[in-house]
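Colleague: only geometry, no sequence info:
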């Protein structure tokens, strides 16, 4: 059974390789409807996601345990993507299978007045995960080179300087002990239309609909270009980008689970040794 | 099937009534091994917890949706209990079934130097849930009338004043639109010993063990008394205390799920109306 429903660790590594935005990365060449590294369909993908929950959960607990023993390690997962690309679904269906105490989630909205008075990275630094946690950014500092570039919210020269600033910032974060992985959830323009239409068809989805989302569709190609530039200029060995096809929600969730699991496996986590005399404590406890 | 595995809403209300710390509350009369309002055993309790996840999840989404439409409502669940009473398990197994984006979790540790320079409620105010969220406090401002009372960390006269300060504070929180419910997870002293022993028996649990926990066991009766006083002096209609027997983890989780669900049901949440012209938006989207 396992061989047909759950990809092996070998294929997890292969999936990561296929999704990595390397030196010749071309977003236009990524088919949003594809499922790189996974041969199965929706049912198998969902089963594989459920199968993978325990491994990820156990790795998260080790990460947390190591921090209790004094380690400064953490993980930061950055999620970006066009509206309706499924960032919230990743948080819910991938991170939702992990102990909430080990996850630090933050959704970045349009900056507040206070935030605008600082450098664009100021508010991001404040949300970096504490030791032992998996931080999840739903949108991030990349908005400052995406919507800012496309809609001219900042001067072009300033946006231009931000790529290097981001590289430097992420280098610092990595050096401090936090592994960074960045995921672009890549959906097609037609799939976005279908997802927005669903929000207009169901009364329990109206609250998720924002008329501004339709306005942004007029800039679709410019956004794709902005993503291409951002990814090619900031995908580094320390803080790699992965372009995850996201027309099939089940695949995107499985892929992000695998990317996160593989990242945690690389950290070679282990259960901390007892910082006390186990036998002596057993005697003390028995007498208490 | 449903009638044997899942309590009806009627029994949910009954369970809440049984667990409420009312005017004549006596902690000593609560059997930590009992399962008030639930006749089934572990398997049925676990099934009931799984059955209840969807209702709680749907209510949470409505709470969140209403906040997007401008409502200031939120919920605050305060969890207290002796070490190993299962606060973390509630976060994981009850809150873990709800969208992480709708939950704001905070574990209060020993106060930092900065926190100690302020009133004991200062750090608590900073962690109150934002509109639309379910805030979960793993420990809380009640530590300031529990361990502070038992171990003399603050002068007795100061502790004495805190009960009224807490009532006033929680009254403000309620008035601002946040429903407050407070849960004491009540375990027996022998059950605590067994749970601590397990942490000493398993290498993957050593990190959860703290020799100080055994020291605190010498003050067991004083802690029970401190809980009794805290509960009888701060259980109000606006911010009620529930004493949840917690020797059976499955029961405590089910009970907290029910208490939270019942609290959200009281709020009579509904999906916000569309703040836009649905038909006009459908046409705009189709043309985009």
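Modeller: Alright, I've got the coordinates. Because the structure is a prediction, the values reported are computed rather than measured.

Colleague: and residue A:231, what does it touch?
Modeller: Residue A:231 makes contacts with A:21, A:25, A:27, A:184, A:241, A:243, as judged by CB atoms under 8 Å, 6 or more residues apart in numbering or on different chains. Every C-beta, even on glycine, is put in place using the N, C-alpha and C of the backbone.

Colleague: hmm, 10 Å instead?
Modeller: If a contact means CB atoms under 10 Å, 6 or more residues apart in numbering or on different chains, then residue A:231 has A:21, A:25, A:26, A:27, A:80, A:142, A:182, A:184, A:240, A:241, A:242, A:243 as its contacts.

Colleague: I'd like to know which of these are buried.
Modeller: The neighbour count (16 or more other CB atoms under 10 Å in any protein chain shown) marks A:21, A:27, A:80, A:142, A:182, A:184, A:240, A:241, A:242, A:243 as buried among the contacts of residue A:231.

Colleague: against chain B, how distant is the third one?
Modeller: Think residue A:80. Residue A:80 sits 16 Å away from chain B, going by CB to the nearest CB, to the nearest Å.

Colleague: and that residue, backbone torsions?
Modeller: phi -130, psi 160 (degrees, to the nearest 10).

Colleague: cool, the second one as well?
Modeller: With angles defined as degrees, to the nearest 10, residue A:27 sits at phi -60, psi -40.

Colleague: and residue A:20, by the same measure?
Modeller: Backbone geometry at residue A:20, expressed as degrees, to the nearest 10, gives phi -60, psi 130.

Colleague: follow-up on the earlier one: the contacts of residue A:231 in strands, which ones?
Modeller: Counted as lying in strands by DSSP state E, out of the contacts of residue A:231, are A:80, A:182, A:184, A:241, A:242, A:243.

Colleague: now these in TSV, with pLDDT and distance to residue B:148?
Modeller: Putting the ones in strands among the contacts of residue A:231 into TSV (pLDDT from 0 to 100; distance: CB to CB, whole Å) gives the following:
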residue	pLDDT	distance to residue B:148
A:80	98	46
A:182	98	45
A:184	98	49
A:241	98	49
A:242	98	49
A:243	98	53
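
Colleague: from the residues you listed, pick the one nearest residue A:45.
Modeller: Nearest to residue A:45 among the ones in strands among the contacts of residue A:231 is residue A:242, at 17.0 Å by CB to CB.

Colleague: now the nearest residue to the closest one once chain neighbours are set aside: how far from chain B?
Modeller: Nearest non-adjacent residue to residue A:242, counting by CB to CB, 6 or more residues apart in numbering or on different chains: residue A:19, 4.3 Å away. According to CB to the nearest CB, residue A:19 stands 23 Å off from chain B.

Colleague: cool, and residue A:11?
Modeller: Separation of residue A:11 from chain B (CB to the nearest CB): 27 Å.

Colleague: do a quick rundown of the strands in chain A.
Modeller: A:74-81, A:103-107, A:134-138, A:178-186, A:241-245.

Colleague: least reliable of those strands going by mean pLDDT?
Modeller: Looking over the strands of chain A, mean pLDDT reaches its minimum on strand A:103-107, with a mean of 93.

Colleague: show residues contacting that strand.
Modeller: With CB under 10 Å, 6+ apart, strand A:103-107 has contacts from A:60, A:64, A:74-77, A:79, A:87-88, A:91, A:95-96, A:123-124, A:126-130, A:132-140, B:96, B:100-101, B:103-105.

Colleague: thinking again about what came up before, the residue nearest to residue A:242 and residue A:243 touch, don't they?
Modeller: Yes - when contacts are counted by CB atoms under 10 Å, residue A:19 is listed as touching residue A:243 (6.3 Å).

Colleague: need the overlap of contacts for these two.
Modeller: Among the neighbours of residue A:19, those also in contact with residue A:243 (CB under 10 Å, 6+ apart) are A:30, A:36, A:183, A:184, A:186, A:255.
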